[in-house]
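Enquirer: this one's sequence-less:
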């Protein structure tokens, strides 16, 4: 168990990705709790509302539970875009650090090529359609990150069909390059897939490293 933070002195808000649930972040929540953090593993209706509404309601409600203590976010996929959207309109005085796993910070080609197909909106909702790579897509309108954020990008895929739509190294949903955002503090590539990275032991260790030190361990084996 880590000894370099005071037990219970910081909150970590976990935000899952599109069409997932808080259950997908259970392993992350357990490990962070072991390391002394107060963890809020938030479940939100990712397919029911646009990103703007999801961010406003979900993050506002979570912050009310943090009692003025330092707050961190660990997000998977679209969860990171919710944080960027919220911080484009609000400041969080007690915000410490943010770690994003596989975020479509510059959108994803998958949305560009599949969003017009029947069934896409049913599966992914209005929020999913906002994640394209064009200049007018929501992620590309949010601008530079003005907060302390580290990004973890996966380099393996279990969905070769979706990966064939992405022109460079990807995790099955988002290319490594499109996980990046101007203003980020650190970025690391890891041999993991988009759908399972939040449960990957090495990824979780890097999350804890960043929350504690403000940087990833790039020489980790």
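Expert: That came in fine, so what should we check first? Because the structure is a prediction, the values reported are computed rather than measured.
Enquirer: flag the shaky bits of this structure, pLDDT-wise.
Expert: Applying pLDDT under 70 to the chain flags residues 1-8, 221.
Enquirer: now do the strands in it.
Expert: All strands of the chain, identified by DSSP state E, fall at 11-15, 38-42, 71-76, 95-101, 149-154, 186-190.
Enquirer: contact partners of the first one?
Expert: It stands for strand 11-15. Identification of contacts with strand 11-15 by C-beta atoms under 8 Å, 6 or more residues apart in numbering yields 22, 25, 28-29, 32, 37-42, 44, 58-59, 62-63, 65-67, 69-76, 79-80, 82-83, 211. For glycine as for every other residue, the C-beta is placed from the backbone atoms N, C-alpha and C.
Enquirer: quick one: buried ones out of those?
Expert: Burial by neighbour count, 16 or more other C-beta atoms under 10 Å: within these this picks out 25, 28-29, 32, 37-42, 44, 58-59, 62-63, 66, 70-76, 79-80, 82-83, 211.
Enquirer: could the strands of the chain be laid out in CSV, adding distance to residue 117?
Expert: CSV is the format used below for these (distance: least, C-beta to C-beta, whole Å):
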stretch, distance to residue 117
strand 11-15, 27
strand 38-42, 30
strand 71-76, 24
strand 95-101, 27
strand 149-154, 25
strand 186-190, 30
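Enquirer: for residue 171, find the nearest of those strands.
Expert: strand 149-154 (3.1 Å; C-beta to C-beta).
Enquirer: contacting residues around residue 85?
Expert: Contacts of residue 85 by C-beta under 8 Å, 6+ apart are 51, 52, 55, 138, 142.
Enquirer: now do the contacts for the third one.
Expert: Contacts were defined as C-beta under 8 Å, 6+ apart; by that measure residue 55 touches 81, 82, 83, 85, 86.
Enquirer: how near is the first one to residue 185?
Expert: With distances defined as C-beta to C-beta, to the nearest Å, the gap from residue 81 to residue 185 amounts to 18 Å.
Enquirer: these two - which one has more neighbours?
Expert: Each of residue 81 and residue 185 has its neighbours counted (other C-beta atoms under 10 Å); residue 81 has more, 29 against 16.
Enquirer: correct me, but that one touches residue 106?
Expert: No - counting by C-beta atoms under 8 Å, residue 81 does not reach residue 106; the two are 10.5 Å apart.
Enquirer: so what sits against both of the two?
Expert: Taking C-beta under 8 Å, 6+ apart as the criterion, residue 81 and residue 106 both touch residue 139.
Enquirer: and the helices in this structure, which stretches?
Expert: 26-34, 51-63, 78-87, 109-114, 120-129, 138-141, 160-163, 201-213 (DSSP state H).
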